[in-house]
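Student: The following comprises the amino acid sequence and a computationally predicted model.
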Amino acid sequence: MLAPDELRSHTLEVAGRLARIPGALAALVKDNLNAAEDEVDRRRFLFANEASNQAESGRLAMERLERRRGPAVS
């Protein structure tokens, strides 16, 4: 963490380094970072919904089995 009086000089130093990076390279890096973030969000969503996905899958499998068996005979 930076002290408030160091923030300006640090920010200018980082900006100077970033300004020396070719624009096309910076764009590629940005695209890669955005894709990685999207992937993390996608995985987080899938993991968060895994239990309900498995329950629904089991329910659908049971329905298919019941249709294949046909009506119960008494």
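Tutor: Nice, thanks for sending it over.
Student: residues contacting Gly70?
Tutor: Not one residue lies near Gly70 by CB atoms under 8 Å, 6 or more residues apart in numbering. Just so you know, the C-beta spots here come from the backbone N, C-alpha and C atoms, and that holds for glycine as well.
Student: Tell me how far it lies from Met62.
Tutor: Gly70 sits 15 Å away from Met62, going by CB to CB, to the nearest Å.
Student: How about Glu6?
Tutor: In terms of CB to CB, Glu6 sits 64 Å off from Met62.
Student: can you map out the strands along the chain?
Tutor: Ranges of strands within the chain: none, based on DSSP state E.
Student: Scan the chain for its longest helix.
Tutor: Criterion DSSP state H: the longest helix present in the chain is helix 23-48.
Student: what bits of the protein have low per-residue confidence?
Tutor: For the chain, applying pLDDT under 70 flags the ranges 72-74.
Student: change it to 90
Tutor: Along the chain, segments meeting pLDDT under 90 span 1-2, 33, 40-58, 64, 70-74.
Student: so Gln26 sits right up against Arg17, yeah?
Tutor: Small correction: residue 26 is Ala, not Gln. No. In this structure, Ala26 is not within contact of Arg17 by CB atoms under 8 Å, at 11.3 Å.
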